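I'd like to go over a predicted model; first the sequence, then the structure.
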Amino acid sequence: MEIDFRSLDPTQCYSLMIRAITPRPIAWVSTISPRGIPNLAPFSYFAGVGSSPPTLMFSTSLKSDGTPKDTQRNVEANGEFVVNIVPYSLRNPMAISAGEFPYEESEFEHAGLTPIPSRLVEPPRLLESPINFECRVHEIVKIGSATAVFGIIQWMHVDDRILNGEQKIDPELVDSIGRMGGLSYSRTCDRFEIK
Ligand SMILES: Cc1cc2nc3c(=O)[nH]c(=O)nc-3n(C[C@H](O)[C@H](O)[C@H](O)COP(=O)(O)O)c2cc1C
């Protein structure tokens, strides 16, 4: 099959891209509104970008009514966010937090999750997540309906329970999940090494 992307509508592009670019890691992004209400939402258009400076990127599309998502509004307002990693054990609260709630209605409460103060940034981090990256915005790039948020990592929290004997993060203990196409997700239990 050959596909001319130039002739596709956004829904067709989305469908093809999320089934082909797999598995996608999930940035579970916490932000805070100017009035101090925390927000939490998952984004799988997410990637590490570089290590010097340590940079990551996630991108938001628009809400179904064509307005910016709450995460984007908050990040544009205060320039800070936290990326929390999603382990398999938190898959259901993660899905709940993706619901389209009104602005300033906290997904932490809806999903039964705990926001706790971050070290350097105003948005809280997620207590239940084993890894949190506190970030400050480096640049926000608009491409059509997408807003790509590039952030520099300022601080990282790692739960000691996911460290191996050499004090390194053990992927098996992190047990992170990835997004596949449609409603499907992947786990990371089946790993192999290549020299
Ligand atoms: C696993 C998963 C990945 C998602 N990835 C994205 C994404 O990359 N970009 C996006 O705009 N929305 C994505 N969504 C949908 C948002 O999480 C959803 O629109 C959410 O309501 C946004 O919340 P907010 O308005 O509080 O920012 C994803 C949802 C799930 C469950």
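Sure, I can see it.

ok, now how distant is N84 from G181?
23 Å (CB to CB, to the nearest Å). (C-beta placed from N, C-alpha, C; glycine too.)

neighbour count winner among these two?
N84 (26 against 16; other CB atoms under 10 Å).

now could you export just the CA positions of the strand or helix carrying T71 as CSV?
T71 is part of helix 70-78, with elements assigned from DSSP states H and E. Extracted in CSV, the C-alpha atoms of helix 70-78 (Å, rounded to 0.1, in the frame of the first residue of the first chain):
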residue,chain,number,x,y,z
ASP,A,70,-5.8,22.8,29.7
THR,A,71,-2.2,21.5,29.8
GLN,A,72,-1.3,23.9,27.0
ARG,A,73,-3.0,26.8,28.6
ASN,A,74,-1.2,26.3,31.9
VAL,A,75,2.2,25.7,30.3
GLU,A,76,1.9,28.8,28.2
ALA,A,77,0.8,30.8,31.3
ASN,A,78,3.7,29.8,33.7
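
dump the residue contacts of the spatially most central residue of the chain.
Ranked by distance to the mean C-alpha position of the chain (CA atoms, centre = their mean), the top residue is A27 at 1.5 Å. With contacts defined as CB atoms under 8 Å, 6 or more residues apart in numbering, A27 is in contact with P42, F43, S44, F46, L56, F58, V83, N84.
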